[in-house]
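In: sequence first, then the predicted structure, then my questions.
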Amino acid sequence: MGYKEVYGAWRADPEAFWLDAAKAIDWDTPPTKALNDANAPLYEWFGDAVGNTCYNAVDRHVEAGHGDRTAIIYDSPVTDTIRHISYAELQDEVARLAGALTARGVVKGDRVIIYMPMVPQAVMAMLACARIGAIHSVVFGGFAAHELAVRIDDAAPKAIIAGSCGIEPGRVVHYKPLLDDAIAQSAHKPEFCIIHQREQEPAALTPGRDFDWADEVAAATPAPCVPVGGADPVYILYTSGTTGAPKGVVRPSGGHMVALHWTMKNIYDVEAGDVFWAASDVGWVVGHSYICYAPLLAGCTTVVFEGKPVGTPDAGTFWRVISEHKVKSFFTAPTAFRAIKRVDSAGEFVKKYDLSCLKTMYFAGERCDPDTLHWTEDQLGVPVIDHWWQTETGFAIAANPMGLEPLPVKAGSPSVPMPGYDVQILDEGGHPMKPGELGAVCVKLPLPPGTLPTLWNAEERFRKSYLTTFPGYYETGDAGMMDDDGYLYIMARTDDVINVAGHRLSTGAMEEVLAAHPDVAECAVIGVADELKGQLPMGFLCLNSSSSERGAEDVVKECVKLVRDQIGPVAAFKLAVVVDRLPKTRSGKILRGIMAKIADGEPYKMPATIDDPAILDEIRAAVQGLGYAK
């Protein structure tokens, strides 16, 4: 069946659709009912089912005779390490770590925080928790001690599993001192910590509290898989806003397995034995869904990559990994490709590698501008698919379902809603808008299996954050529109839609125009306060390295004219400045809200996820040159 038939089948009978998808999972007790809506607008999927995520991701493949198949390829250019781990080896290591946790008193329902770099042990720790029904909460490695402490206090973990250090190009990140500081700051104290000692920087262990991973695993009795209810959480993942406490997104076990398994073939067009690579981090939702769980649930080989797209050692790193490990489907954020393009816009590095194994390239994590999409198509010669989802959903809301039926690619659009998602564009009063009109992107309830049913210990906050503004809908917080063909366009976060003299304008649409300028490698547009018009757009331009001989002033003038020509005088786009780099989170999202606060001279909280705080001083200097941030 093609996309329309499959989406139509879901619409016609969601219960039958998801019960059929659930047959791909090995259950201790199969579900007899998919959706429980007795407590709407709080919904529960597969509540009467019993199963185990680790069993489905690891053990069942070994029992089916595929123990020799590679489960994980660890590729670390920063430590010059490549390691292949079979499903049988993974099963043994995970079962022993699970046994070590059990021996120290961790039981089903207990929380375990994982604070680790991009090493296979991070995936093993997640699976070990899932194996015994413990709820893991991965905190991005290298987060500041205060941010880790906040999460320790909210999740109240019985144990913490951490790495001794992280390795970045040219430096070592000292994880263990950060962990010690976080525990000292937190009101809740874990009963014990298990430390994976890396040879680059072994850590001093606190007697009685800290235990060496290798010693624990060597002495442990392998633990069996513990049956878990379909609605029981498999993990908590904290989203990091720029204000307020982080929100603990809860991921229910049963729907998580069903939805992720469905996506591997239908969206990413990969099956058991194929090599799938998501170049992200286990600390983010992409790492949870598509480094750890989904590829292993489907019996694929997943790549755990410890490095950067540029500089480890060069702009050909991604192409080497794809070629060397025969990656069929590759998934990363557009910001990674903008970094590559900025250094190697002519694509000299890609010519050095045989990429015939690669069938499809996927972008997510932020809007993919058409220029980046087309450049990537030209470099790789394969379909380049933008798709859109959130930490809260755990898998794609909108995508091009390559395994069902490749749909025409429309640059600037993540394509069409996936089964489970009834996406609608609403005005401020909650009324549906016409095709082509900009509004709030919302999803009619219920959300599909695997999406968040609530926030950890914060049901009222869950209702207020997502369900209150548009009753009967999940509020995504994004603004966008749909065209006559049902293709979705995410134009900006709702907060990034600016009002210029009464006209609601998308900063994303302006960024699209700016990114098309041949000298612009990356850009961002924010709204700044203006006494006359309410707000004005301000653009920040990062230029290609090959464009340095051109004057910044000329590029700014040309970009201002481009926006005027393509969007019109209504945009009132006159403010633009060239900068060396943009402030981003470690997952690559541009911190537009913080940039706007700087320009308007407003106070802001330093985001815990910021990659390099020094960039904010550079932005302040740039906007002062335009007469702002006084």
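Out: Cool, got the structure. This structure is a prediction, so every number in the text was calculated from the model and none was measured.
In: A helix includes Asp59, no?
Out: Yes: the assignment for Asp59 by DSSP: H, G, I helix; E, B strand; the rest coil puts it in a helix.
In: what residues are up against it?
Out: By CB atoms under 8 Å, 6 or more residues apart in numbering, the contact set of Asp59 is Gln91, Cys225. C-beta here means a position set from N, CA and C on the backbone, and glycine is covered the same way.
In: quick check, pLDDT for it.
Out: Per-residue pLDDT puts Asp59 at 98.
In: may I have the beta-bridge partners of Ala524?
Out: Phe540 (DSSP bridges).
In: wait, it touches Phe540, no?
Out: Yes: when contacts are counted by CB atoms under 8 Å, Ala524 is listed as touching Phe540 (4.8 Å).
In: overlap in contacts, those two.
Out: Leu582, Met595.
In: low-scoring stretches of the stretch 151-300 of the chain, by residue?
Out: 240-244 (pLDDT under 70).
In: and the helices in it, which stretches?
Out: With helices called from DSSP state H, counting those that start in this stretch, the stretch 151-300 of the chain shows them at 175-185, 213-219, 253-266, 285-287, 294-297.
In: would you reformat the ones you listed as JSON lines and include mean neighbour count?
Out: Shown next, in JSON lines, are those (neighbours: other CB atoms under 10 Å):
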{"stretch": "helix 175-185", "mean neighbour count": "19"}
{"stretch": "helix 213-219", "mean neighbour count": "16"}
{"stretch": "helix 253-266", "mean neighbour count": "26"}
{"stretch": "helix 285-287", "mean neighbour count": "23"}
{"stretch": "helix 294-297", "mean neighbour count": "26"}
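In: and of these, who's closest to Leu97?
Out: Among those, the nearest to Leu97 by CB to CB is helix 213-219 (5.6 Å).
In: ok so, going back, now the helices of the stretch 151-300 of the chain as JSON lines including distance to Glu460?
Out: Output for the helices of the stretch 151-300 of the chain, formatted as JSON lines (distance: least, CB to CB, whole Å):
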{"stretch": "helix 175-185", "distance to Glu460": "26"}
{"stretch": "helix 213-219", "distance to Glu460": "39"}
{"stretch": "helix 253-266", "distance to Glu460": "23"}
{"stretch": "helix 285-287", "distance to Glu460": "23"}
{"stretch": "helix 294-297", "distance to Glu460": "31"}
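In: and of these, who's closest to Phe305?
Out: Here helix 285-287 is closest among these (CB to CB), at 10.6 Å.
In: what's the longest helix in the chain?
Out: helix 87-103 (DSSP state H).
In: now the element after it, going C-ward?
Out: Next along the chain after helix 87-103, taking DSSP states H and E as the criterion, comes strand 111-115.
In: helices or strands next to that next one in the packing?
Out: Applying 3 or more CB pairs under 8 Å, 6 or more residues apart in numbering; DSSP states H and E, we find strand 111-115 packed against helix 120-131, strand 135-138, helix 145-155, strand 159-163, helix 175-185.
In: for that strand, which strands pair with it and how are they oriented?
Out: Note on strand 111-115: by DSSP bridges, its sheet partners are strand 135-138 (parallel), strand 159-163 (parallel).
In: report the buried residues of the longest helix of the chain.
Out: With burial defined by 16 or more other CB atoms under 10 Å, the residues of helix 87-103 counted as buried are 87-102.
In: tell me the gap between that helix and the middle of its chain.
Out: Computed by CA atoms, centre = their mean, to the nearest Å, the separation of helix 87-103 from the middle of its chain amounts to 27 Å.
In: check stretch 70-85 too.
Out: The chain centre lies 21 Å from the centre of stretch 70-85; the measure is CA atoms, centre = their mean.
In: quick one: strands adjacent to the lowest-mean-pLDDT helix or strand in the chain?
Out: Taking mean pLDDT, DSSP states H and E as the measure, the helix or strand of the chain with the lowest value is strand 503-506, at a mean of 73. Here strand 503-506 has these sheet partners by DSSP bridges: strand 497-500 (antiparallel).
In: kindly export the strand it pairs with (C-alpha atoms) in PDB.
Out: Taking Å, rounded to 0.1, in the frame of the first residue of the first chain, the C-alpha atoms of strand 497-500 are listed here in PDB:
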ATOM      1  CA  VAL A 497       6.600  34.600  14.400                       C
ATOM      2  CA  ILE A 498       7.000  38.400  14.400                       C
ATOM      3  CA  ASN A 499       4.500  41.200  14.000                       C
ATOM      4  CA  VAL A 500       5.700  44.000  11.800                       C
END
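In: what does that strand contact?
Out: 438, 479, 491, 504-507, 527, 533-537, 570-572.
In: closest one of these to Val173?
Out: Taking CB to CB as the measure, Val173 lies nearest Thr507 of those, at 33.0 Å.
In: would you quantify the distance from the residue lying closest to that closest one once chain neighbours are set aside to Glu147?
Out: Ranked by CB to CB, 6 or more residues apart in numbering and with sequence neighbours excluded, the top spatial neighbour of Thr507 is Val525, at 4.1 Å. With the distance defined as CB to CB, to the nearest Å, Val525 ends up 28 Å from Glu147.
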